[in-house]
Structures are given as structure tokens and as C-alpha cells.
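1. The following comprises the amino acid sequence and a computationally predicted model.
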Amino acid sequence: MKILVPIKLVPDLVEELTIDASGMALDSTWMRLIINEFDDHAIEQAILLKERGGGQVTILAPDVEGIDEVLFTAAAKGADQLIKLEGDFEGGVNNHALARIFATIVRELRPDLVMTGVQAHDDLDGSIGPLLAGYLDMPYVGYVYGVRVNDGKGIARKEFPGGLIAEMEVTLPAVLGIQAAEQPPRYVAVSKVRQTMKSATVEEREAVGLDLGGGTTISSMFPPEAGERATIIDGSVDEIASRLVEVFKELGVL
Amino acid sequence: MSQDIHVVIEHLRGQVADISYVMLAAARVLSKGTGGEVVAVLLGYNAQELVMSLAADRVLYLNHPTLADFSSDAYRHTLAALISEKEPRAALFGNTSIGADVASTLSANLGLPLVSACRNFHIDDSTLKFTSQICGGKIMAEGELPSPTALVTMVPGGYKPEEGKSSQPPQVTLITVPVPEDQRVILKQYIEPESGDVDITRESILVSIGRGIQNQDNIELAEELAKALGGEVCASRPIVDQGWLPTTRLVGKSGKQVKPRIYLALGISGAPEHVEGMSESETIIAINTDPGAPIFNVAKYGAVVDLFDLVPVFTGKIQEVRST
């Protein structure tokens, strides 16, 4: 079983996001990039499958600031192969372009399963998984929470609203969009990641025929309207707590 | 090339999903700009009664046994044929477990542009504009609706479902498109949500926790508060993914839709996926250390304070009131 996990980095939402001078994009000067959390779940799910049934896990990512650490962390968790795509990605790349580049590697490596995060919070032109499935004409199932492989078929548990789950049988090779792994992404100590840096290697590949077309054009970016904001209760902890008690009384529930 | 706006109706086990009505309302805005019609596209099997409440100018209904339950493969091939033939100005999909599985593959297959996470449309001097909500609800992105046919995935919040409902059943045209015989994605079975736990949709007070609770041991703080208030504890996605609370307690896109009298959100940033499940609550109160958290955009009251400082004091005061 060969599993390929394409991943991407996204702005860390814990940091304050600012819009650049053009007014059309996020200011990347101080922006911290972290792994898309759904991709982190896809890595975990891939490693779980490998632990259960054997196989090889390959992580594939575009080369941006911070990617080496993310790749080595995946290796420390159990990934076997790390591939970094070289190209001009620092200015950002749309998902259509990224999916087309990922597709070239999928065609070459011919994995049985491609698993990636179901979405990313900065997706503006679709998500990597279904775009990849479209370009490769492979079947796709998204919003997946639980995967197994049975008699050469994939069995994916797909989530619908309200907690309903649909068990889908998928012909392999297939692309799955992971909502959550069967267990939370495992923690690896920094010391183990550092050790892995010495033993693991990152393969660098030129992004062949990088064509940046196909994305969604934005004319302006702005924070959500401020008019809808909550009434903010200020003061010391004690004052806030007292005011909240008053609010609950006013609402007739105390 | 037509000026019609297609809406791919989402339905699950005999129920039209609310996002379908939201999309019909959104399509109406666009159709006023294009001069075309709002066309509902219904894929199903013996599902004709679902059209009754749709506020559409007409319905294209594809009736086929393969479409009885959702399969991304069947939807993809069927809709690719339909969109290629009809060439609408836009085709709207839910940014959901159904629509998002299909829209991107169609974009890649048909070479059509795609806009994700669109919240609303407006017409600006006869130009069609979209506004998308990204980065966990922290950023809005506006642009011109791409052509020739724009595929769009829509999030709720921009339009009320009621605006997309009608008491006048629309005109229905039964159409046939080739549905491939060999499906690569097949529904084996539905697995019902767990039951046996409290039903959070019936609670009038909910204390909801998010990432800010930091670890499983701290959940006790929220439980004590909920107990003092006579409510129950629920959570956003990360808490359930960590296994700290069962999925029965999950509020949001993939969990329950709740409408309590009071929804107290502790350490929840307010990502759109969560807000989708609780925005109809009567009163939302948010506690978060980040003054920029989008949760403050939906809350009626808020406090920028560490929940670990506030909750024990607040619980104490509630217990005091209760005991007097």
C-alpha cells in the first residue's frame, strides 16, 4: 500500500492577520505559516494505515518558509519519504496550480491512496483533494473520518451534517479528503524531530511546468463588518463575572 | 451560454438541506443582475416531492436509481454533462460534505473557474461581485464573479433559508443525462449518530468549549459552570477530535444545530464551521482572550478575558445566587 499525502502550509490564525498595501492580499511580511490542520490529520491517518497494514507513506509539499521542519516532523511520526517541490511559491500559489503540480508527482509515484486535508482555511478556489481527483480523473471522497482498506477497495467513513456517517466503498487508486484522523495527530518531541533531521532526507523536485493560472481573482480583502460586534463587558474579572450574572438575570434564566 | 443561475439542490434522506434555500436566495440576487432565471437542479430518485418548497423559476430534475443517495462520482459525471450542455452563468453548490466533494472536481474536469466559501453576492454597477469568508471568518475577500460559468461553493450566513422558500411549487422539467454504469464510489451503509447521551439540541442553556480550554482536565470547569446554570456542556470540533467529549456534544457544520436561549462560548474563536451550528441561538455570550476572534461578530455580549480566571469566579457567583 503506497500512500501519498500532499500538504500545504497556511497562515497561523492565532497571529493577527493584516492586509497588505494593495488591499487585495494578506500581508506576508510577519505572517507565520503552519501546517493546514486537516493535512496534519491526513498524515496521522496515513501513518495509522501503515501501522495497521504496512506500506509506505510519502509526504509532498511545496517549498515555503518552515516546510523542512513540517516534513521532518512527519518523518519522526513515521513517514518514509519526503518530497519538496521547488518553485516560486513564496508569493502564494492558488490551489488549481498546486493541484496540477501535485498531479505530476501522483502520476509518477502511482500511489494506491492519496490522502490530504479536506480543506484549508485559506482556500479560495476549491480544495486540493477534489481538484487533484479532477485532474487525475480519480474518485474522490471528502469529509472523511476513518479509513480502512479491504480487498483492494478503500472504505471511507464520510461525515454528513448532524453526525450521520456514510460508509463509502471507493475503487483504488482514489483521493480522500480527511476531516479528522481516527485519533488526534500524535505528538513528537522536538528532540526526536532533530534526530530525524540527521537521518531523513528531503528530496527536492523542480515543479515542472508551473502554471499559476486558474485561481480566483480578488479585488479587495477586508475584515468582517464591525457593525455586528458584541457589546464588550470591560473591567476586572470580578466585575465581568458580576455583570454576566446581571445579564443572565435580565434574560430570565437565573 | 445562458444567463441562468443554477443551484444544485442538496438533500439527504428525503430532506432538503437549509443551504439549498440559502443558495436559492443568493441565486435570486445574481439573476437580477444577469436577467436570467433561477434554475434548481435536483439529482435524485423518486424525489420529486422535494421541489415543492423551492423558490426557483424552474427545476431540472434528474431522476435515476444511481442518484438515490449521494455519490460524488455519480454527481460529478451527471453534473459535468448538464453544465456543459446548459452553460449557466453560475452554478452554486454548498460548501458542504455534498457540494464541496463535487464542485472542485468539476472545476478541474471542465476547466471552469471556482469560487470557494462565498457568503453573498451583490451587483456593483452591473458587475456581478462575490464576497467569500476565509481564514476562519477573520477575512472577507471580494472579487468579480469569473466567467464563462462560475462554479461557486456557498457558506451559510449571507441569506436566511426562508428567503429561498416558496409556497408556489415551481415548474419541473424531467431531464435525462447519461449516468455511468460503473460507479467508483458506492454507499455501503449509513451509520446513525450515537445516541444515549443528552440531546444538546433540547437544552436551553449551553456552555460550549473550544480550543481555549487547552486540555481535558479543564473541561471540569465548564461542567461545573453548566451544572450551576442548569445547562449542559457542548463543544467545537477540536475538542471532539481530541476525544475529550463525544460527538453527541459537537456543535457546528458536522455536528448539531442548536438554538438555546443562552449559548456561552468559552475559548471558541468562532470559525464559520462552528458558527453555522449556533448562530440561531437566542443570546450568544463569548469569552475569549483574542479581541479579534470572529466569535465577537456573532455574540451579543462578550468579554476579552482568560476563561481560567473568569469561569471559577463566575461559577461561584451563580452558585451564590442559586443558594439564596
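-> The structure has been received and is ready for your questions. Numbering: from 1, shown residues only, chains lettered A, B, ... in the order given.
2. Got phi/psi on the closest residue to chain A within chain B?
-> Chain B approaches chain A most closely through residue B:108 (2.6 Å), counting by CB to the nearest CB. Yep, even glycine has a C-beta here, placed from its N, CA and C like the rest. The phi and psi values for residue B:108, taken as degrees, to the nearest 10, are phi -70, psi -40.
3. pretty sure it contacts residue A:99?
-> Yes - contact criterion CB atoms under 8 Å: residue B:108 and residue A:99 qualify, at 6.9 Å.
4. more crowded one of the two?
-> The neighbour comparison of residue B:108 against residue A:99 (other CB atoms under 10 Å in any protein chain shown) goes to residue A:99, with 29 against 24.
5. Checking the nearest residue to residue A:11 once chain neighbours are set aside next. Helix, strand or coil?
-> Nearest non-adjacent residue to residue A:11, counting by CB to CB, 6 or more residues apart in numbering or on different chains: residue A:31, 5.2 Å away. Using DSSP: H, G, I helix; E, B strand; the rest coil, the secondary structure recorded for residue A:31 is coil.
6. buried residues in the lengthiest strand in chain A?
-> Determined from DSSP state E, the single longest strand within chain A is strand A:140-150. Neighbour counts over strand A:140-150 (16 or more other CB atoms under 10 Å in any protein chain shown) mark A:140, A:141, A:142, A:143, A:144, A:145, A:146, A:147, A:149 as buried.
7. One more: stretch A:83-102?
-> A:83-85, A:87, A:89, A:93-102.
8. cool, stretch A:4-19 as well?
-> Buried positions in stretch A:4-19, judged by neighbour count with 16+ other CB under 10 Å: A:4, A:5, A:6, A:7, A:8, A:9, A:10, A:11, A:13, A:17, A:19.
9. Check the offset of the stretch of helix or strand residue B:106 belongs to from the chain's centre.
-> In this structure, residue B:106 sits in helix B:99-110 according to DSSP states H and E. Remark: helix B:99-110 is offset 18 Å from the chain centroid, using CA atoms, centre = their mean, to the nearest Å.
10. Over to stretch B:156-168?
-> Remark: stretch B:156-168 is offset 13 Å from the chain centroid, using CA atoms, centre = their mean.
11. got the end-to-end distance for it?
-> The first and last residues of stretch B:156-168 sit 24 Å apart, counting by CA to CA, to the nearest Å.
12. OK, contacts around residue 70?
-> If you meant another chain, say so; for now it's chain A. By CB atoms under 8 Å, 6 or more residues apart in numbering or on different chains, residue A:70 lies in contact with A:7, A:9, A:35, A:61.
13. wrong chain, I was asking about chain B
-> Listed by CB under 8 Å, 6+ apart, the contact partners of residue B:70 are A:166, B:12, B:98, B:187.
14. what's the pLDDT at the third one?
-> The model reports residue B:98 with a pLDDT of 97.
15. Could I get the buried residue list for stretch A:172-189?
-> Neighbour-count burial for stretch A:172-189 [16+ other CB under 10 Å]: A:172-182, A:185, A:188.
16. So what angle separates the directions of the next helix or strand after the helix holding residue B:106 and helix B:99-110?
-> Next helix or strand after helix B:99-110 toward the C-terminus (DSSP H and E): strand B:114-124. If you take axes from the mean of the first three to the mean of the last three CA atoms, to 10 degrees, strand B:114-124 sits at 100 degrees to helix B:99-110.
17. what's the spacing between strand B:114-124 and its chain's center?
-> Distance of strand B:114-124 from the chain centroid (CA atoms, centre = their mean) equals 15 Å.
18. What average pLDDT does that strand get?
-> pLDDT averaged over strand B:114-124 gives 97.
19. could you dump the buried residues of stretch A:172-189 to JSON lines with distance to residue A:153 and secondary structure?
-> Shown next, in JSON lines, are the buried residues of stretch A:172-189 (distance: CB to CB, whole Å; DSSP: H, G, I helix; E, B strand; the rest coil):
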{"residue": "A:172", "distance to residue A:153": "7", "secondary structure": "coil"}
{"residue": "A:173", "distance to residue A:153": "11", "secondary structure": "coil"}
{"residue": "A:174", "distance to residue A:153": "9", "secondary structure": "strand"}
{"residue": "A:175", "distance to residue A:153": "15", "secondary structure": "strand"}
{"residue": "A:176", "distance to residue A:153": "13", "secondary structure": "strand"}
{"residue": "A:177", "distance to residue A:153": "18", "secondary structure": "strand"}
{"residue": "A:178", "distance to residue A:153": "18", "secondary structure": "strand"}
{"residue": "A:179", "distance to residue A:153": "20", "secondary structure": "coil"}
{"residue": "A:180", "distance to residue A:153": "22", "secondary structure": "coil"}
{"residue": "A:181", "distance to residue A:153": "20", "secondary structure": "coil"}
{"residue": "A:182", "distance to residue A:153": "18", "secondary structure": "coil"}
{"residue": "A:185", "distance to residue A:153": "26", "secondary structure": "coil"}
{"residue": "A:188", "distance to residue A:153": "32", "secondary structure": "coil"}
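20. overlap between those and the residues near chain B?
-> When contact is defined as CB under 8 Å from any CB of the partner chain, the buried residues of stretch A:172-189 meet chain B at A:174, A:177, A:179, A:180.
21. what's the most distant pair in the contacts of residue A:70?
-> Farthest apart among these by CB to CB are A:35 and A:61. That separation is 8.7 Å.
22. anything in contact with each of the two?
-> Common neighbours of residue A:35 and residue A:61 (criterion: CB under 8 Å, 6+ apart): A:7, A:9, A:70.
23. now the strands: where do they sit in the stretch 151-300 of chain B?
-> Taking DSSP state E, counting those that start in this stretch as the criterion, the stretch 151-300 of chain B contains strands spanning B:171-175, B:185-191, B:205-209, B:232-235, B:262-266, B:283-288.
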